[in-house]
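S.K.: Below is the sequence, then the predicted model.
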Amino acid sequence: MVQVSYPGVYIVEKPSGVRTITGVATSIAAFVDGFPRGVLDEAVQCLSYADFEREFGGIDTDSPASYGVKQFFQNGGSECWVVRVADSAATAEVTLDDTAGGGGTQLFRVRAGRQIRGQIAENPGLWGNNVLVEVDYDCTDLDQFFNLVVTEVTVSNGRRSVLRTETFRNLTLQPGAPNNALDVVNAGSNLIQLDRPAALPALPSPWPAAPPYPRPAATGTVGTAVTAIPASPINFTVDAGGGPRNFNVTYTGTPDIAALRPMIETALRGAAASATTDAERSLLAGATVELIGRAGNFRLLIQGGRGGTAYNPAATLTMGAVGPLGLPGATEVQQYALTGGADGTMPVSDTALTGTPAAKTGIYALEDVDLVNILCIPRAADLGATQMNAVYSAATTYMAARRGFVLIDIPELTATLDAMRTWLSQNDSLRSRDAAVYFPRTFVPDPVNGNRLRSIATSGTIAGLFARTDATRGVWKAPAGAEARLENVQSLAYTLTDLQNGVLNPLGVNCLRTFPILGNICWGSRTLDGADQLASEWKYIPIRRLALFIEESLFRGTKWVVFEPNDEPLWAQIRLNVGVFMNGLFRQGAFQGGTPREAYFVRCDKETTTQADRNQGIVNIEVGFAPLKPAEFVVITIQQIAGDLQT
């Protein structure tokens, strides 16, 4: 109430009571499997197949879900969460110290990984052995700070190429400093994480004027500041693993250090002519010389070439001592390579897929995801019958609690009509209103095997079809029919006839069919609770998914009701807001019926919420809707007209 104190006009704003309920997304998929790379037991969002390739390494022959993710995006999916699981995987790492060539005081450990929600998450796998770390001192103060460059490489067609590079400049190990290496790198890197295990010696305190820092690992040689330039010629020696090689630089006059730098680089590369091995030749032929520091304090930064397949990060490049040029004859490795990474046992086991709720591993890693609608575990189909049943049982129970849906895959050997019927009879325990199964499996081009056809599980393709149908027609439209084309599917593992389709359909199996012109399409839309004998009200996928959509939307959209005064004003607001939401769906064609009264109802009054309920702090909201059932069977009756008979 407004407090009045002077004669005049007072303005009071009164809330309208309108609280818009927004419909949730309906086709956010989740995939759980082993992958070539990626953080373990953490759900990572992928908004495109390119995201999946960056985070998890793309297609892998031992990872059925990697093919499923690609199919998901190719068939219309736009967002998915991917969980990597593994058995006995190892993380690549290396420890840097303060002594050239190693053997000094260890400063910090480098491990393959990244941060998830502010916490370090390891990224085990062989991929980490291709990560190289180098240190240089091209900094604002090269006696106090250092740079860290992280590079992921690959070897293809006889050439070493760089996949990703991350650079972190002007770092220090001083605790609490804003440019502390551990804080800066861990927050910004998608390739590595730094830490200081308890076994490492304590850093000095107070921080000394000459602080500890890792020795250069990609510099070849960094000496003292250039004090003078000798008279021409300058004789150099360089040892790239094949013994000392002599070369010299000749010039006229007295050039400054900037003009002398390219002369040294050209002469250094010329020493490759006398190399006897490919490794030595690649280091010398691609060598570079850079100038770092500031005027009056310049130093030479010499790096070996790294493009050849024979390149070894641990190879040394030793320059002979040339005092005036600040070359002390130091021997240092080019880069530090992370080692010890291992993928673990592939394919992954049933226990890794299922995980445990307490540790949030396996499928339960999705606990950290706000919303997931469709769960796909293609790897489960390749397990033994008992293990497969256990994985899908746990998945169905988990997704039912989250108002989600599970797409169950069949084994590759289930490739005939009789085999499918046998599989059904052996897995009747998997029947659920929140799950569906499709037959047969599909053949798609395998990009890692010369695009030869590979049999894959259908869940990724169908999840993408769900997403495409939801976006174009709505979640109430069955993801099946003439427009439900299976993209990037070359053929089906079994060609069904109409009569064979008629055998599986009453059992709750959704058939994939091949028709002339239409191609490979989805020709079924029943849940595993949709067998005719069960007579379930959740027989059809669109009805079940529409109900889940409404439930989740109302669950999120009515949280404002909690702790409000439980009386008619509140009930009226609930009827208004929920009614507006349901009417919006009615206007989009989500329900049957010609009027809102025929299509849905919303009840919240003294009849639904008794005084006893109010005494217990309970408000009851009843929402009903008349779903659109798909026209699964089309019957056309034809009658011959006798004509105009004269009597």
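M.R.: Yep, that arrived.
S.K.: so how far is P15 from Q573?
M.R.: According to Cβ to Cβ, to the nearest Å, Q573 and P15 sit 10 Å apart. In this view, the C-beta of every residue, glycine as well, is placed from N, C-alpha and C.
S.K.: of the two, who's got more company?
M.R.: Using other Cβ atoms under 10 Å as the criterion, Q573 and P15 rank with Q573 on top: 19 against 7.
S.K.: List the contacts of that one.
M.R.: Counting by Cβ atoms under 8 Å, 6 or more residues apart in numbering, Q573 touches G17, R19.
S.K.: That one: which element?
M.R.: Assessed by DSSP states H and E, Q573 sits inside helix 568-587.
S.K.: Check which element follows that helix along the chain.
M.R.: helix 596-599.
S.K.: quick one: buried residues of that following helix?
M.R.: For helix 596-599, the buried set under the neighbour-count rule, 16 or more other Cβ atoms under 10 Å, comprises A599.
S.K.: tell me the mean pLDDT for the helix holding Q573?
M.R.: Helix 568-587 comes out with an average pLDDT of 96.
S.K.: What number of residues are in the vicinity of the residue nearest to E412 when sequence neighbours are not counted?
M.R.: Once flanking residues are discounted, E412 sits nearest to S455: 5.3 Å by Cβ to Cβ, 6 or more residues apart in numbering. Residues near S455, counting by other Cβ under 10 Å, number 17.
S.K.: does S455 have beta-bridge partners, and which?
M.R.: F443 (DSSP bridges).
S.K.: quick one, what contacts it?
M.R.: Residues in contact with S455 (Cβ under 8 Å, 6+ apart) are E412, R441, T442, F443, A493.
S.K.: For the helix holding Q573, list every residue counted as buried.
M.R.: 570-571, 573-579, 581-582, 585-586.
S.K.: Looking at these, which is nearest Q500?
M.R.: Nearest to Q500 out of the buried residues of helix 568-587 is L585 (Cβ to Cβ; 36.9 Å).
S.K.: Show the contacting residues for the closest one.
M.R.: So L585 contacts G23, I550, F591, Y600, F625 (Cβ under 8 Å, 6+ apart).
S.K.: which one of the residues you listed has the most neighbours?
M.R.: Counting neighbours by other Cβ under 10 Å, I550 comes out on top of the contacts of L585 with 23 neighbours.
S.K.: wait, is it part of a helix?
M.R.: Yes: applying DSSP: H, G, I helix; E, B strand; the rest coil, one finds I550 inside a helix.
S.K.: for the protein, what's the longest strand?
M.R.: Longest strand in the chain, counting residues (DSSP state E): strand 159-171.
S.K.: what about the closest residue to G34 other than its chain neighbours, neighbour count?
M.R.: Distances taken as Cβ to Cβ, 6+ apart put V348 closest to G34, at 3.8 Å, once the chain neighbours are dropped. V348 has 24 neighbours, counted by other Cβ under 10 Å.
S.K.: hang on, E564 packs against W571?
M.R.: No: E564 is beyond contact range of W571, at 10.1 Å (criterion: Cβ atoms under 8 Å).
S.K.: rewinding a little: Three-state assignment for the residue nearest to G34, please.
M.R.: coil.
S.K.: pretty sure it contacts A380?
M.R.: No: if you go by Cβ under 8 Å, V348 and A380 don't touch, sitting 10.1 Å apart.
S.K.: Run through the protein and note the low-pLDDT ranges.
M.R.: Along the chain, the model assigns pLDDT under 70 to residues 100-103, 158, 215-224, 295-296, 327-332, 645-647.
S.K.: and F581, what does it touch?
M.R.: Counting by Cβ under 8 Å, 6+ apart, F581 makes contact with I21, G23, S553, L554, G557.
S.K.: switch the cut-off to 7 Å
M.R.: By Cβ atoms under 7 Å, 6 or more residues apart in numbering, F581 lies in contact with I21, S553, G557.
S.K.: got a list of contacts for stretch 378-392?
M.R.: 33, 64-65, 68, 347-348, 350, 353-354, 377, 406, 408-411, 426-427, 429-430, 457, 459-460.
S.K.: how does it look with 8 Å?
M.R.: Identification of contacts with stretch 378-392 by Cβ under 8 Å, 6+ apart yields 31-34, 63-65, 67-68, 347-350, 353-354, 377, 395, 406, 408-412, 426-427, 429-430, 435, 456-457, 459-460.
S.K.: Could I have the buried ones of those as PyMOL selection syntax?
M.R.: Of the contacts of stretch 378-392, the buried ones can be selected in PyMOL as follows, counting by 16+ other Cβ under 10 Å:
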select buried, resi 31+32+33+34+63+64+65+67+68+347+348+349+350+353+354+377+395+406+408+409+410+411+427+430+435+456+457+459+460
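S.K.: Next, the distance between the ends of stretch 588-602.
M.R.: 18 Å (Cα to Cα, to the nearest Å).
S.K.: Out of the contacts of F581, list just those in helices.
M.R.: S553, G557 (DSSP state H).
S.K.: Can you tell me which of the contacts of F581 has the most neighbours?
M.R.: That'd be S553 among those, by other Cβ under 10 Å, with 21 neighbours.
S.K.: That one and A467: what is the separation?
M.R.: In terms of Cβ to Cβ, S553 sits 17 Å off from A467.
S.K.: correct me, but Y10 touches V4?
M.R.: Yes: using Cβ under 8 Å, Y10 makes contact with V4 at a distance of 6.2 Å.
S.K.: For burial, what's the neighbour tally of W207?
M.R.: Per other Cβ under 10 Å, the neighbour tally for W207 reads 15.
S.K.: Now do the contacts for it.
M.R.: Contacts of W207 were listed using Cβ under 8 Å, 6+ apart, and they are Q174, P175.
S.K.: quick one: L570 and V561 touch, right?
M.R.: Yes: under the criterion of Cβ under 8 Å, L570 makes contact with V561 at 6.9 Å.
S.K.: residues shared between the contacts of those two?
M.R.: V619.
S.K.: List the contacts of G23.
M.R.: Going by Cβ under 8 Å, 6+ apart, G23 touches F549, S553, F581, L585.
S.K.: what's the farthest-apart pair in these?
M.R.: Within the contacts of G23, F549 and F581 form the most distant pair, 11.0 Å apart (Cβ to Cβ).
S.K.: about what we covered before: is it possible to export the contacts of L585 to CSV including distance to G307?
M.R.: Shown next, in CSV, are these (distance: Cβ to Cβ, whole Å):
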residue, distance to G307
G23, 54
I550, 59
F591, 64
Y600, 67
F625, 65
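S.K.: Now list the buried members of the contacts of S455.
M.R.: Counted by 16+ other Cβ under 10 Å, the contacts of S455 give R441, T442, F443, A493 as buried.
S.K.: Check the residues you listed against N449 and report the nearest one.
M.R.: Within the buried ones among the contacts of S455, the smallest distance to N449 is 12.3 Å, found for F443 (Cβ to Cβ).
S.K.: quick one, what contacts the closest one?
M.R.: For F443, the contact set (Cβ under 8 Å, 6+ apart) comprises L453, R454, S455, I456, V489, Q490, S491, L492, A493.
S.K.: do that again at 10 Å, thanks
M.R.: By Cβ atoms under 10 Å, 6 or more residues apart in numbering, F443 lies in contact with R452, L453, R454, S455, I456, V489, Q490, S491, L492, A493, N520.
S.K.: swap in E42?
M.R.: When the contact criterion is Cβ under 10 Å, 6+ apart, the partners of E42 are 81-84, 114, 116-117, 119, 121-123, 360-361, 365, 368.
S.K.: element containing T422, please.
M.R.: helix 417-426.
S.K.: Dump that helix to PDB, restricted to CA.
M.R.: Extracted in PDB, the C-alpha atoms of helix 417-426 (Å, rounded to 0.1, in the frame of the first residue of the first chain):
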ATOM      1  CA  LEU A 417      12.100 -61.100 -39.000                       C
ATOM      2  CA  ASP A 418      12.400 -64.200 -36.800                       C
ATOM      3  CA  ALA A 419      15.500 -62.800 -35.100                       C
ATOM      4  CA  MET A 420      13.600 -59.700 -34.200                       C
ATOM      5  CA  ARG A 421      10.700 -61.600 -32.700                       C
ATOM      6  CA  THR A 422      13.100 -63.700 -30.700                       C
ATOM      7  CA  TRP A 423      14.900 -60.500 -29.400                       C
ATOM      8  CA  LEU A 424      11.500 -59.100 -28.300                       C
ATOM      9  CA  SER A 425      10.500 -62.200 -26.400                       C
ATOM     10  CA  GLN A 426      13.900 -62.300 -24.700                       C
END
